[in-house]
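Enquirer: My questions concern the predicted model and sequence given below.
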Amino acid sequence: MPTPLDLIKKKRAEAVSRIIGKGYLSTKRVYVGMATCEIAAGSKDVMEVFQKAISLGLTDVYLSQKGCAGRCNLEPTVEVIESGKSPVKYGKVDKDRAMQIIERHLKNGQVIQEWVID
Amino acid sequence: MATTYGIIVCDGTPCINSGARTLTSALQEQLDKHGLHDKAAIHLSGCLGMCDKGPIVVVNPGYTIYGHVTEADIPEIIEEHLVHGRPVARLAIQEDHLYNRFFRVFGDAKFFGKQMRITLRNCGIIDPENIDDYLSLRGYEALAKAVTDLTPAQVVAEVETSGLRGRGGAGFPTGLKWKFAAAQKATPKHVICNADEGDPGAFMDRSAIEGDPHTVVEGMAIGGYAVGASKGIVYIRAEYPLAIKRITKAIKDARAHGLLGDNILGSDFSFDIEIRLGAGAFVCGEETALIHSIEGARGMPRPRPPYPSVKGLFGQPTLINNVETWANIPVIILDGANWFRTVGTETSKGTKVFALAGKVVNTGLIEVPMGTTLREIVYDVGGGIPDGKKFKAVQTGGPSGGCLPEEYLDTPIDYDSLARAGSIMGSGGMIVIDEDSCMVDIAKFFLEFTQNESCGKCTPCREGTKRMLEILTRITEGKGQAGDIEKLERLGDTIRKASLCGLGQSAPNPVLSTIKNFRAEYEEHIHEKRCRARACTNLVTYQITEKCVGCGACRRVCPVGAITGAAKKPHVIDQDKCVKCGMCFNTCKFDAIVKV
């Protein structure tokens, strides 16, 4: 009979394959901060922009929410993780910046340096 | 289908210095050679915190960490690990600590460089509403390990060895609490998570639950196993709707996966958790008041002993810990108490989360190892004071804590050194104060809070804080009398010694610590009727200087008509009429109005 430890390892493997099934291995992963503080700063609008772009045909992007990363004064934050590159975190993202991140970074691979949190 | 691999190369400065940058191209070359370029992706990460073993290469899935990797090792890693699925034991290092996973966020090196994330390890990394994200990062493995390999007594011993102390503020050794609860014969026993965070300016528990609710659930289940409880309660304030939503979902998802409920993961251990909402009374963060509140009684503390671990909820043995304490438990079980002990100071192990706020460039939620100095937090993590202002004090511990001036900046953060310095660790509020704030006013603000929140059960707290507040108000209004400081000290000392619970015992701290460290400011208020920070309205007068061009803007906004003057001629404020609202000061475009 499998031990609880065996079972949890199986569950982990299943969880990993479910996440991959949702497109985790896309070339770009986008995380939008969605804690109370981020939402108060307007991250729901930002999330909607990304969701809409994907529903309108933006491909090869894995979109997820995340909790507080601790950057209170720079919220809402959006993180873009791309294969083979250092993660990029954008601060004070509003609807307009989100749209530009989609156009310039996600579609054309161009990091928008002036909004990057260093 | 062959496994798809993710290869992480640490791109922190020490690793770059030891040659990490050349590895990336070597890796790419080897991937191409084996035709693996669509089965593996290379990522660069910020510092992984294993600088002494750099350059570091990590292969996922599996999180195999290779240390001291040279270009010559790359063909072997690719050939053995990626082609044949056999990790290269020669190069692998055993540093698979959960906290390392935070590396992804470590990109912002300035802010995160001095931090170490144990309790917040998944916060800001995973989707808190997706249990798969948590499971994929070894979620619930600590619980499985506990019920598979460890007896309840061994779990208690592990927590005791770890040296973990209660993160709610008082710093009581967690292992001891567990030991007392486990030793009780009476059943049923209960487990409670205290998420009734109430300090003004503190949001650690809210963020922790919102960012990673499963950690708390898992920690509580391990606690239940250790002390022999089958029921857990999360007591969380109703003002945290998103945190409530996320932990409720976490509990539901955990149940669906057989991680809560009867016979967890096929074992004999059964445990479930329910949520109770608090109405937001500050005193309900005190454990006995919290228990009364869950029982449906008025949220008031009672004298201890008996402690809740002996007689708690409904008179039964109850293990009650703070959110942050619970979040440490899975890491201690998985990475081991001996590893946990290596982090921190002699008397305080592990890390502490702070809500860094006030006059600091980077406000935020931070987690630093115990022993980090206040200076490192304010200047390195926090980025210093904005607008070139001067640092005045740092307030720790919220309304129960104290204000520490510049000479204490090199105090290492741990329970004991903060207490020696005249403040407390508290639950983790940290407010940086600059020269524009008046210390008497700040003491008054905190005392006003505790005075409002005093439950009224015991006289020292109910009456004493009221009298102290009256004196402070008098001082800030310019009606201070000789002897007021001594009166405050005497009252404060009595309240500290005679109050029933922690709320009253610590309520005078902001006043006493500011008197100790900023006595001159109190004396100026009382004897010279002067507030050096110009924050106490009644002690400030507004005056128009020769810079005035006579534009008339101040005259038009003054609500009481105290400003007179002809057009293009300097204006004058009639001090008898002035109500000190500050409208003129805020309106003047020529900096011609000053506060004196």
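Expert: Great, that's in hand. Fair warning: this is a prediction, and the values are worked out from it, not measured in the lab. Numbering: from 1, shown residues only, chains lettered A, B, ... in the order given.
Enquirer: Identify the residue nearest B:I7 in space, chain neighbours excluded?
Expert: Closest residue to B:I7 apart from its sequence neighbours, by C-beta to C-beta, 6 or more residues apart in numbering or on different chains: B:I42 at 4.9 Å. (Glycine included, C-beta is placed from N, CA and C.)
Enquirer: Using neighbour counts, pick out the buried residues of whichever strand or helix holds that neighbour.
Expert: Here B:I42 sits within strand B:40-45, counting by DSSP states H and E. The neighbour-count check on strand B:40-45 (16 or more other C-beta atoms under 10 Å in any protein chain shown) flags B:A40, B:A41, B:I42, B:H43, B:L44, B:S45 as buried.
Enquirer: so what pLDDT did the closest residue to chain A within the stretch 201-350 of chain B get?
Expert: Nearest residue of the stretch 201-350 of chain B to chain A (C-beta to the nearest C-beta) works out as B:G211 at 2.2 Å. On the pLDDT scale, B:G211 is placed at 93.
Enquirer: Hmm, B:V191 and B:G232 touching each other?
Expert: Yes - B:G232 is within contact range of B:V191, at 4.1 Å (criterion: C-beta atoms under 8 Å).
Enquirer: For the stretch 251-400 of chain B, which residues are neighbours of chain A?
Expert: Within the stretch 251-400 of chain B, the residues that sit near chain A (C-beta under 8 Å from any C-beta of the partner chain) are B:257-258, B:264-267, B:357, B:361-366.
Enquirer: State the pair within the residues you listed that is farthest apart.
Expert: B:G266 and B:V361 (51.6 Å; C-beta to C-beta).
Enquirer: picking that back up, can you list the buried residues of strand B:40-45 in TSV and add pLDDT?
Expert: Listed next are those as TSV, based on pLDDT from 0 to 100:
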residue	pLDDT
B:A40	81
B:A41	77
B:I42	82
B:H43	74
B:L44	73
B:S45	66
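Enquirer: Could you identify the helix or strand that succeeds the one helix or strand B:L143 maps to?
Expert: In this assignment (DSSP H and E), B:L143 forms part of helix B:141-149. Per DSSP H and E, the first helix or strand lying C-terminal to helix B:141-149 is helix B:152-162.
Enquirer: thinking again about what came up before, roughly how far does the residue of the stretch 201-350 of chain B closest to chain A sit from A:I81?
Expert: Distance, B:G211 to A:I81, using C-beta to C-beta, to the nearest Å: 17 Å.
Enquirer: Which one of these two is surrounded by more residues?
Expert: Taking other C-beta atoms under 10 Å in any protein chain shown, B:G211 and A:I81 do not tie; B:G211 has more neighbours (28 against 20).
Enquirer: can you give me the helices in chain A?
Expert: A:4-21, A:36-40, A:43-55, A:95-100 (DSSP state H).
Enquirer: Out of those helices, which is closest to chain B?
Expert: helix A:4-21 (3.5 Å).
Enquirer: For that closest one, which outside residues touch it?
Expert: The contact list for helix A:4-21, computed with C-beta atoms under 8 Å, 6 or more residues apart in numbering or on different chains, reads A:2, B:4, B:61, B:130-133, B:135-136, B:138-141, B:143-145, B:147-149, B:257-258, B:264-267.
Enquirer: which residues of the stretch 101-250 of chain B score low on pLDDT?
Expert: By pLDDT under 70, the low-scoring segments of the stretch 101-250 of chain B are B:101-110, B:113.
Enquirer: surely the residue nearest to B:I7 meets B:S25?
Expert: No - if you go by C-beta under 8 Å, B:I42 and B:S25 don't touch, sitting 9.7 Å apart.
Enquirer: re the thing from before, now the buried members of the contacts of helix A:4-21.
Expert: If we count by 16+ other C-beta under 10 Å, those have these buried: B:130-133, B:135-136, B:138-141, B:143-145, B:147-148, B:257-258, B:264-265, B:267.
Enquirer: Hmm, B:H292 and B:R298 touching each other?
Expert: Yes - with contact defined as C-beta under 8 Å, B:R298 counts as touching B:H292 (6.5 Å).
Enquirer: So between these two, which is more surrounded?
Expert: Using other C-beta under 10 Å, the more surrounded residue of B:R298 and B:H292 is B:H292, with 19 against 12.
Enquirer: tell me which element the more buried one is part of?
Expert: helix B:287-295.
Enquirer: Just the C-alphas of the helix or strand following that helix, formatted as PDB.
Expert: Downstream of helix B:287-295, the first helix or strand assigned by DSSP H and E is strand B:318-322. Output in PDB follows, covering the C-alpha atoms of strand B:318-322 (Å, rounded to 0.1, in the frame of the first residue of the first chain):
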ATOM      1  CA  THR B 318      -6.000  24.200  22.600                       C
ATOM      2  CA  LEU B 319      -2.900  24.900  20.600                       C
ATOM      3  CA  ILE B 320      -3.000  28.500  19.400                       C
ATOM      4  CA  ASN B 321      -0.400  30.100  17.100                       C
ATOM      5  CA  ASN B 322      -0.100  33.100  14.900                       C
END
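Enquirer: domains in chain B, as residue ranges please.
Expert: B:5-96, B:131-339, B:351-434, B:439-528, B:541-595 (automatic domain parsing).
Enquirer: how many other residues sit next to the closest residue to B:E79 other than its chain neighbours?
Expert: Of all residues not flanking B:E79 in the chain, B:H34 sits nearest, at 7.3 Å (C-beta to C-beta, 6+ apart). Applying other C-beta under 10 Å, we find 14 residues neighbouring B:H34.
Enquirer: what's the answer for B:R519, then?
Expert: B:R519 is flanked by 12 other residues according to other C-beta under 10 Å.
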